[in-house]
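Asker: Output the structure for:
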Amino acid sequence: MSRDKEKCKNEIKEILATFSGKVTETAETANFITNYGDDGKTVMLHSVRRTDAVILEAMLHVEPMNKLCPKVTKGLLAHRVRGRWASTQENCFILLALDKYFQEYEKDEPDYAARLWYGEDFAGQQEFKGRSVDTNEVEIPMKTVQEGGDRNLIIQKEGIGRLYYRIGMNYAPTDLFLKELNYGFQVERVYEGVDSADHVSKDEKGNLALRNWSKDQKSL
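Answerer: All right, here's what the predicted structure looks like:
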């Protein structure tokens, strides 16, 4: 698939589409879903991590700037235990994929400055020189976000090297009884008493009450 990309454009496109349909993503990581049954590990030496590594290396050959590549890489690194993976097979294929990732994404040694603005307000700056696994955090209070209104969060990088960053928000609602929302997909959960309908009840505010030691069933 990777040696003659021009002749195999259609096939590569179809395979990448299949990969995209088999991926599970979080905010930071990604992995591909595969299952060969109970014989997968013993007969084929299959593992999820090895599959991720093989697909990652292939994607780095044919579409190195695919947004899944950094996320799959981070997912592989997150599954290390005491600096290694579960087997020799996993170690071998993952290290080959990580070497290819390093050549594509990390070939330039970092020498840059990263700056952050929240609207017109300067939020911070950090200089990166040389390779490092250290992380730096900049926190903007929720009060500032609420008072600031509609602002842009701007990140600037000046220099060479790859900048990894994550933007997240930690918050808590002021009221624990949240109103339902409908964005086109609805899930409804119903509780019913098995032995008696009186075992499940609701008060005026809609709070659910279940009788102790009763048998209840839940339907979605």
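
Asker: residues touching residue 56, list them.
Answerer: 69, 72, 73, 76, 97, 100, 101 (C-beta atoms under 8 Å, 6 or more residues apart in numbering). Every residue, glycine included, has its C-beta placed from N, CA and C.

Asker: where exactly do the strands run in the protein?
Answerer: 23-25, 30-32, 111-118, 121-129, 153-160, 190-193, 200-202, 208-210, 216-219 (DSSP state E).

Asker: I'd like to know which of those strands lies nearest to residue 81.
Answerer: Closest approach to residue 81 among the strands of the chain (C-beta to C-beta): strand 30-32, 16.0 Å.

Asker: mean confidence score for that closest one?
Answerer: Model confidence over strand 30-32, given as mean pLDDT, is 90.

Asker: who's in contact with that strand?
Answerer: 19, 22, 23, 24, 48, 51, 52, 55, 68, 71, 72, 75.

Asker: Quick one: buried ones out of these?
Answerer: Applying 16 or more other C-beta atoms under 10 Å to the contacts of strand 30-32, the neighbour count classes 19, 23, 48, 51, 52, 55, 68, 71, 72, 75 as buried.

Asker: Show me the shaky parts of the chain.
Answerer: For the chain, residues meeting the criterion pLDDT under 70 lie at 1-6, 35-44, 220.

Asker: what about 80?
Answerer: 1-7, 34-46, 177-188, 197-198, 204-208, 210-220 (pLDDT under 80).

Asker: show me where it has helices.
Answerer: With DSSP state H, the ranges of helices along the chain come out as 9-21, 39-43, 48-62, 68-78, 88-105, 142-148.

Asker: center of this structure, which residue is that?
Answerer: Centroid check for the chain by C-alpha atoms, centre = their mean gives residue 26 as the closest residue, at 2.3 Å.

Asker: and that residue, what are its phi and psi?
Answerer: As for residue 26, its main-chain torsions (degrees, to the nearest 10) stand at phi -120, psi -170.
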